[in-house]
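K.L.:
can't give you the sequence, but here's the structure:
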(Lines give C-alpha, C1' and ligand atoms only; values in the text may rest on other atoms or scores of the structure.)
Protein backbone atom coordinates (compact mmCIF):
# COMPACT_ATOMS: atom_id res chain seq x y z
CA UNK A 1 0.00 0.00 0.00
CA UNK A 2 1.02 3.64 -0.30
CA UNK A 3 1.62 5.82 2.76
CA UNK A 4 2.77 9.38 3.34
CA UNK A 5 6.14 9.86 5.00
CA UNK A 6 8.03 12.93 6.19
CA UNK A 7 11.35 13.21 4.36
CA UNK A 8 13.83 16.04 5.08
CA UNK A 9 11.15 18.60 5.80
CA UNK A 10 8.92 17.49 2.94
CA UNK A 11 6.38 14.72 2.39
CA UNK A 12 6.48 11.84 -0.07
CA UNK A 13 4.29 8.84 -0.90
CA UNK A 14 6.17 5.60 -0.37
CA UNK A 15 5.40 1.89 -0.65
CA UNK A 16 4.62 0.48 2.79
CA UNK A 17 3.96 -2.99 4.11
CA UNK A 18 0.29 -3.76 4.65
CA UNK A 19 -0.19 -4.13 8.43
CA UNK A 20 -1.79 -7.22 9.96
CA UNK A 21 -5.18 -6.89 11.63
CA UNK A 22 -4.99 -8.69 14.99
CA UNK A 23 -7.53 -9.40 17.71
CA UNK A 24 -9.23 -6.26 18.99
CA UNK A 25 -8.27 -4.26 15.91
CA UNK A 26 -9.98 -3.11 12.73
CA UNK A 27 -8.63 -2.35 9.29
CA UNK A 28 -9.94 0.87 7.76
CA UNK A 29 -9.86 1.71 4.07
CA UNK A 30 -8.96 5.38 4.40
CA UNK A 31 -11.05 7.95 2.58
CA UNK A 32 -9.40 11.05 4.05
CA UNK A 33 -7.11 12.16 6.86
CA UNK A 34 -6.94 15.41 8.80
CA UNK A 35 -3.80 17.55 8.94
CA UNK A 36 -2.41 18.59 12.32
CA UNK A 37 0.54 20.63 13.53
CA UNK A 38 2.08 17.49 15.00
CA UNK A 39 2.44 16.23 11.42
CA UNK A 40 4.46 19.33 10.58
CA UNK A 41 6.82 18.59 13.46
CA UNK A 42 7.16 14.95 12.44
CA UNK A 43 7.77 16.00 8.83
CA UNK A 44 10.64 18.15 10.08
CA UNK A 45 12.09 15.28 12.13
CA UNK A 46 11.20 16.91 15.46
CA UNK A 47 8.37 14.69 16.70
CA UNK A 48 9.01 10.95 16.25
CA UNK A 49 6.07 8.56 16.73
CA UNK A 50 5.74 6.78 20.08
CA UNK A 51 7.30 3.30 20.29
CA UNK A 52 5.25 0.79 18.33
CA UNK A 53 3.26 3.41 16.39
CA UNK A 54 3.24 3.73 12.62
CA UNK A 55 6.13 5.73 11.18
CA UNK A 56 3.83 7.38 8.64
CA UNK A 57 1.97 10.67 9.00
CA UNK A 58 -1.62 11.11 10.11
CA UNK A 59 -3.18 11.30 13.59
CA UNK A 60 -6.81 11.02 12.47
CA UNK A 61 -8.69 9.60 9.54
CA UNK A 62 -12.09 8.50 8.28
CA UNK A 63 -13.08 5.67 6.02
CA UNK A 64 -14.80 2.30 5.80
CA UNK A 65 -14.09 -0.78 7.90
CA UNK A 66 -12.83 -3.58 5.63
CA UNK A 67 -11.59 -6.14 8.18
CA UNK A 68 -12.51 -6.84 11.80
CA UNK A 69 -10.22 -8.65 14.23
CA UNK A 70 -11.54 -11.10 16.81
CA UNK A 71 -13.46 -9.38 19.59
CA UNK A 72 -13.75 -6.01 17.86
CA UNK A 73 -17.24 -4.51 18.00
CA UNK A 74 -17.48 -3.27 14.39
CA UNK A 75 -18.72 -4.65 11.09
CA UNK A 76 -17.23 -4.62 7.62
CA UNK A 77 -18.70 -1.65 5.76
CA UNK A 78 -19.14 0.59 8.80
CA UNK A 79 -18.37 4.26 8.12
CA UNK A 80 -15.97 5.34 10.86
CA UNK A 81 -13.36 7.82 11.95
CA UNK A 82 -10.38 7.07 14.17
CA UNK A 83 -7.85 8.63 16.53
CA UNK A 84 -4.35 7.41 15.71
CA UNK A 85 -0.79 7.65 16.97
CA UNK A 86 0.28 7.70 13.31
CA UNK A 87 -0.36 6.16 9.92
CA UNK A 88 -3.66 7.80 8.96
CA UNK A 89 -2.27 9.15 5.70
CA UNK A 90 -2.16 5.78 4.01
CA UNK A 91 -4.45 3.70 1.85
CA UNK A 92 -5.19 1.52 4.86
CA UNK A 93 -4.69 1.75 8.59
CA UNK A 94 -5.07 -0.82 11.36
CA UNK A 95 -6.16 0.58 14.71
CA UNK A 96 -7.36 -0.50 18.14
CA UNK A 97 -11.13 -0.93 17.71
CA UNK A 98 -11.70 1.13 20.88
CA UNK A 99 -10.13 4.15 19.16
CA UNK A 100 -12.73 4.14 16.40
CA UNK A 101 -15.94 6.17 16.37
CA UNK A 102 -18.93 6.16 14.01
CA UNK A 103 -19.16 8.98 11.50
CA UNK A 104 -21.69 11.38 13.07
CA UNK A 105 -25.03 11.44 11.30
CA UNK A 106 -25.10 14.08 8.58
CA UNK A 107 -21.32 14.31 8.12
CA UNK A 108 -19.33 13.20 5.10
CA UNK A 109 -16.21 11.08 5.42
CA UNK A 110 -14.13 14.16 4.56
CA UNK A 111 -15.74 16.11 7.40
CA UNK A 112 -15.40 13.20 9.80
CA UNK A 113 -11.66 13.01 9.08
CA UNK A 114 -11.30 16.49 10.57
CA UNK A 115 -12.76 15.79 14.02
CA UNK A 116 -11.15 12.98 16.10
CA UNK A 117 -7.80 14.56 16.97
CA UNK A 118 -8.96 18.12 17.61
CA UNK A 119 -12.11 17.29 19.52
CA UNK A 120 -10.30 14.67 21.60
CA UNK A 121 -7.57 17.22 22.36
CA UNK A 122 -10.01 19.97 23.30
CA UNK A 123 -12.15 17.69 25.45
CA UNK A 124 -9.18 16.16 27.27
CA UNK A 125 -7.45 19.41 28.05
CA UNK A 126 -10.35 21.74 28.82
CA UNK A 127 -12.94 19.45 30.35
CA UNK A 128 -10.91 16.61 31.86
CA UNK A 129 -7.54 18.10 32.82
CA UNK A 130 -8.85 21.68 33.01
CA UNK A 131 -11.93 20.51 34.97
CA UNK A 132 -14.08 23.23 33.36
CA UNK A 133 -17.43 23.85 35.02
CA UNK A 134 -20.40 25.50 33.32
CA UNK A 135 -20.17 29.28 33.57
CA UNK A 136 -16.41 29.42 34.10
CA UNK A 137 -14.40 31.62 31.75
CA UNK A 138 -11.98 30.15 29.21
CA UNK A 139 -9.12 31.66 27.19
CA UNK A 140 -7.95 29.79 24.10
CA UNK A 141 -4.69 30.90 22.52
CA UNK A 142 -4.46 30.31 18.74
CA UNK A 143 -8.23 30.23 18.76
CA UNK A 144 -8.66 29.86 14.99
CA UNK A 145 -6.65 26.64 14.82
CA UNK A 146 -8.27 23.24 14.49
CA UNK A 147 -8.07 22.61 18.23
CA UNK A 148 -9.14 26.18 18.94
CA UNK A 149 -12.17 25.86 16.64
CA UNK A 150 -13.22 22.70 18.48
CA UNK A 151 -12.59 24.25 21.89
CA UNK A 152 -14.72 27.32 21.19
CA UNK A 153 -17.66 25.23 20.05
CA UNK A 154 -17.39 22.83 23.00
CA UNK A 155 -17.22 25.65 25.54
CA UNK A 156 -20.29 27.28 24.02
CA UNK A 157 -22.19 23.97 23.91
CA UNK A 158 -21.46 23.25 27.58
CA UNK A 159 -22.26 26.71 28.89
CA UNK A 160 -18.91 28.46 29.38
CA UNK A 161 -17.94 31.78 27.78
CA UNK A 162 -14.68 31.72 25.85
CA UNK A 163 -12.24 34.34 24.58
CA UNK A 164 -9.32 33.93 22.17
CA UNK A 165 -6.00 35.29 21.04
CA UNK A 166 -5.49 35.09 17.27
CA UNK A 167 -3.27 36.35 14.46
CA UNK A 168 -5.57 38.71 12.57
CA UNK A 169 -8.89 40.58 12.77
CA UNK A 170 -10.30 38.15 10.21
CA UNK A 171 -9.43 35.19 12.43
CA UNK A 172 -10.99 36.93 15.41
CA UNK A 173 -14.20 37.38 13.43
CA UNK A 174 -14.06 33.69 12.53
CA UNK A 175 -13.78 32.72 16.21
CA UNK A 176 -16.67 34.99 17.13
CA UNK A 177 -18.76 33.32 14.43
CA UNK A 178 -18.17 30.01 16.25
CA UNK A 179 -19.29 31.45 19.57
CA UNK A 180 -16.29 33.21 21.10
CA UNK A 181 -17.27 36.22 23.21
CA UNK A 182 -14.29 38.20 21.90
CA UNK A 183 -10.52 38.31 22.07
CA UNK A 184 -7.36 40.07 20.93
CA UNK A 185 -5.10 40.04 17.89
CA UNK A 186 -1.56 39.04 18.90
CA UNK A 187 0.21 41.68 16.81
CA UNK A 188 -1.65 44.26 18.91
CA UNK A 189 -1.55 44.47 22.69
CA UNK A 190 -2.04 41.10 24.39
CA UNK A 191 -2.33 42.95 27.70
CA UNK A 192 -5.84 43.87 26.57
CA UNK A 193 -6.75 40.34 27.66
CA UNK A 194 -6.51 41.60 31.24
CA UNK A 195 -9.67 43.60 30.63
CA UNK A 196 -11.48 40.41 29.58
CA UNK A 197 -10.28 38.14 32.40
CA UNK A 198 -9.61 36.74 34.83
CA UNK A 199 -9.94 33.29 33.29
CA UNK A 200 -10.57 30.00 35.02
CA UNK A 201 -8.99 27.85 32.30
CA UNK A 202 -6.36 28.76 29.69
CA UNK A 203 -5.68 26.38 26.79
CA UNK A 204 -2.19 27.20 25.58
CA UNK A 205 -0.35 25.81 22.53
CA UNK A 206 2.16 28.69 22.63
CA UNK A 207 4.20 28.17 25.78
CA UNK A 208 7.09 30.37 26.85
CA UNK A 209 6.25 33.68 25.16
CA UNK A 210 2.79 33.80 26.79
CA UNK A 211 3.73 32.25 30.12
CA UNK A 212 4.14 35.33 32.30
CA UNK A 213 0.98 36.88 30.91
CA UNK A 214 -0.97 33.67 31.54
CA UNK A 215 -0.12 33.80 35.24
CA UNK A 216 -1.51 37.32 35.42
CA UNK A 217 -4.66 36.39 33.48
CA UNK A 218 -5.65 33.39 35.59
CA UNK A 219 -8.29 33.65 38.30
CA UNK A 220 -7.97 32.23 41.81
CA UNK A 221 -7.73 28.42 41.50
CA UNK A 222 -7.18 28.83 37.75
CA UNK A 223 -5.90 26.06 35.48
CA UNK A 224 -3.30 26.58 32.76
CA UNK A 225 -3.04 23.64 30.36
CA UNK A 226 -0.03 23.68 28.03
CA UNK A 227 -0.42 21.63 24.84
CA UNK A 228 2.31 23.11 22.61
CA UNK A 229 5.48 25.17 22.48
CA UNK A 230 5.06 27.36 19.40
CA UNK A 231 6.40 30.29 21.41
CA UNK A 232 9.36 28.52 22.99
CA UNK A 233 10.11 26.13 25.83
CA UNK A 234 12.10 28.05 28.45
CA UNK A 235 10.85 30.91 30.61
CA UNK A 236 11.29 32.47 34.06
CA UNK A 237 8.07 32.50 36.12
CA UNK A 238 6.93 34.37 39.19
CA UNK A 239 6.05 31.43 41.42
CA UNK A 240 4.54 33.77 44.00
CA UNK A 241 1.59 34.16 41.62
CA UNK A 242 1.27 30.38 41.35
CA UNK A 243 1.17 30.06 45.14
CA UNK A 244 -0.97 33.11 45.85
CA UNK A 245 -3.61 32.20 43.27
CA UNK A 246 -3.41 28.44 43.97
CA UNK A 247 -2.85 27.80 40.27
CA UNK A 248 -2.56 24.47 38.51
CA UNK A 249 -0.12 24.21 35.57
CA UNK A 250 -0.50 21.06 33.48
CA UNK A 251 1.58 19.86 30.57
CA UNK A 252 -0.39 17.61 28.26
CA UNK A 253 0.13 15.42 25.22
CA UNK A 254 -2.35 12.97 23.71
CA UNK A 255 -0.36 11.03 21.14
CA UNK A 256 1.76 9.08 23.63
CA UNK A 257 -1.09 8.19 26.01
CA UNK A 258 -1.67 4.46 26.44
CA UNK A 259 -4.38 2.58 24.59
CA UNK A 260 -6.63 2.26 27.64
CA UNK A 261 -6.53 5.99 28.32
CA UNK A 262 -7.44 6.80 24.72
CA UNK A 263 -10.22 4.21 24.74
CA UNK A 264 -11.82 5.82 27.79
CA UNK A 265 -11.42 9.31 26.32
CA UNK A 266 -13.16 8.26 23.10
CA UNK A 267 -15.90 6.46 25.02
CA UNK A 268 -16.64 9.75 26.77
CA UNK A 269 -16.52 11.66 23.49
CA UNK A 270 -18.99 9.25 21.92
CA UNK A 271 -21.41 9.69 24.81
CA UNK A 272 -21.16 13.42 25.46
CA UNK A 273 -19.83 15.08 22.32
CA UNK A 274 -20.74 13.00 19.26
CA UNK A 275 -24.54 13.59 19.55
CA UNK A 276 -23.92 17.34 19.30
CA UNK A 277 -22.72 16.97 15.70
CA UNK A 278 -26.02 15.40 14.66
CA UNK A 279 -27.87 18.18 16.50
CA UNK A 280 -25.93 20.82 14.54
CA UNK A 281 -24.34 22.29 17.67
CA UNK A 282 -20.83 21.26 16.62
CA UNK A 283 -19.19 21.51 13.21
CA UNK A 284 -15.93 20.09 11.78
CA UNK A 285 -14.98 23.50 10.35
CA UNK A 286 -13.47 21.88 7.29
CA UNK A 287 -11.82 24.67 5.31
CA UNK A 288 -10.44 22.78 2.33
CA UNK A 289 -9.57 19.36 0.98
CA UNK A 290 -6.49 18.43 -1.03
CA UNK A 291 -6.04 15.42 -3.32
CA UNK A 292 -3.33 13.07 -2.12
CA UNK A 293 -0.96 14.07 -4.92
CA UNK A 294 -0.98 17.64 -3.56
CA UNK A 295 0.01 16.66 -0.04
CA UNK A 296 3.03 18.98 -0.11
CA UNK A 297 0.78 21.96 -0.93
CA UNK A 298 -1.58 21.00 1.88
CA UNK A 299 1.25 21.01 4.40
CA UNK A 300 2.56 24.30 3.05
CA UNK A 301 -0.84 25.87 3.66
CA UNK A 302 -0.97 24.48 7.20
CA UNK A 303 2.55 25.78 7.89
CA UNK A 304 1.52 29.27 6.75
CA UNK A 305 -0.47 29.72 9.99
CA UNK A 306 -3.24 31.33 7.97
CA UNK A 307 -5.73 28.46 8.18
CA UNK A 308 -8.90 29.02 10.21
CA UNK A 309 -10.24 25.55 10.94
CA UNK A 310 -9.12 22.25 9.42
CA UNK A 311 -7.51 20.91 6.25
CA UNK A 312 -8.05 17.35 5.03
CA UNK A 313 -6.06 15.19 2.63
CA UNK A 314 -8.21 12.98 0.39
CA UNK A 315 -6.69 9.51 0.12
CA UNK A 316 -9.40 7.59 -1.75
CA UNK A 317 -11.80 9.82 -3.75
CA UNK A 318 -14.04 6.82 -4.46
CA UNK A 319 -15.07 6.77 -0.78
CA UNK A 320 -16.22 10.40 -0.65
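P.N.:
Perfect, I can see it now. Keep in mind that this is a model prediction, so the values were computed, not measured.
K.L.:
so which elements touch the helix or strand that residue 13 is a member of?
P.N.:
Assigned by DSSP states H and E, residue 13 falls within strand 10-15. Under the contact criterion of 3 or more CB pairs under 8 Å, 6 or more residues apart in numbering; DSSP states H and E, strand 10-15 touches strand 2-7, helix 295-303. In this view, the C-beta of every residue, glycine as well, is placed from N, C-alpha and C.
K.L.:
mind doing that once more with 10 Å?
P.N.:
Under the contact criterion of 3 or more CB pairs under 10 Å, 6 or more residues apart in numbering; DSSP states H and E, strand 10-15 touches strand 2-7, helix 37-43, helix 295-303.
K.L.:
immediately after the longest one, which helix or strand?
P.N.:
From helix 295-303 onward toward the C-terminus, using DSSP H and E, the following helix or strand is strand 310-314.
K.L.:
adjacent strands (with direction) for that next one?
P.N.:
Strands adjacent to strand 310-314 in the sheet, as given by DSSP bridges, are strand 25-34 (antiparallel), strand 286-291 (parallel).
K.L.:
next, the angle helix 295-303 makes with the last one.
P.N.:
Same thing as strand 286-291. 160 degrees (axes from the mean of the first three to the mean of the last three CA atoms, to 10 degrees).
K.L.:
before we move on, the earlier item: which of the strands paired with strand 310-314 sits most buried?
P.N.:
Of all these, strand 25-34 has the most neighbours on average by mean count of other CB atoms under 10 Å, namely a mean of 27.
K.L.:
let me know the average pLDDT across it.
P.N.:
The average pLDDT within strand 25-34 is 98.
K.L.:
what about the residue nearest to the spatial centre of the chain, which helix or strand?
P.N.:
For the chain, the residue nearest the mean C-alpha position is residue 118 (2.2 Å; CA atoms, centre = their mean). Assigned by DSSP H and E, residue 118 falls within helix 116-122.
K.L.:
the next helix or strand after that helix - what's its average pLDDT?
P.N.:
With elements assigned by DSSP H and E, the helix or strand that comes after helix 116-122 is strand 138-141. Regarding strand 138-141, the rounded mean pLDDT is 98.
K.L.:
what lines up beside strand 138-141 in the sheet?
P.N.:
strand 162-166 (parallel), strand 199-204 (parallel).
K.L.:
check which residues of the shortest one are buried.
P.N.:
This means strand 162-166. 162-166 (16 or more other CB atoms under 10 Å).
K.L.:
any chance of those in CSV, plus distance to residue 192 and pLDDT?
P.N.:
Listed next are the buried residues of strand 162-166 as CSV, based on distance: CB to CB, whole Å; pLDDT from 0 to 100:
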residue, distance to residue 192, pLDDT
162, 16, 98
163, 10, 98
164, 12, 98
165, 10, 97
166, 13, 96
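K.L.:
among these, which one lies nearest to residue 191?
P.N.:
Residue 191 lies nearest to residue 165 out of these, by CB to CB, at 11.3 Å.
K.L.:
doesn't residue 249 make contact with residue 211?
P.N.:
Yes. With contact defined as CB atoms under 10 Å, residue 211 counts as touching residue 249 (9.1 Å).
K.L.:
how far away is residue 171 from residue 298?
P.N.:
To residue 298, residue 171 is 19 Å away according to CB to CB, to the nearest Å.
K.L.:
picking that back up, okay if I get the helices and strands packed on strand 10-15 as TSV plus mean pLDDT, mean neighbour count and distance to residue 202?
P.N.:
Formatted as TSV, the helices and strands packed on strand 10-15 follow (pLDDT from 0 to 100; neighbours: other CB atoms under 10 Å; distance: least, CB to CB, whole Å):
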stretch	mean pLDDT	mean neighbour count	distance to residue 202
strand 2-7	94	20	31
helix 37-43	93	21	18
helix 295-303	96	18	24
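K.L.:
can the ones you listed go into JSON lines with extra columns for distance to residue 123?
P.N.:
Output for these, formatted as JSON lines (distance: least, CB to CB, whole Å):
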{"stretch": "strand 2-7", "distance to residue 123": "27"}
{"stretch": "helix 37-43", "distance to residue 123": "17"}
{"stretch": "helix 295-303", "distance to residue 123": "22"}
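K.L.:
and the helix or strand hosting residue 149, what does it pack against?
P.N.:
For residue 149, the host element (DSSP H and E) is helix 146-157. On a contact count with 3+ CB pairs under 10 Å, 6+ apart, helix 146-157 meets helix 116-122, strand 138-141, strand 162-166, helix 169-178, strand 199-204, helix 274-278, strand 286-291, strand 310-314.
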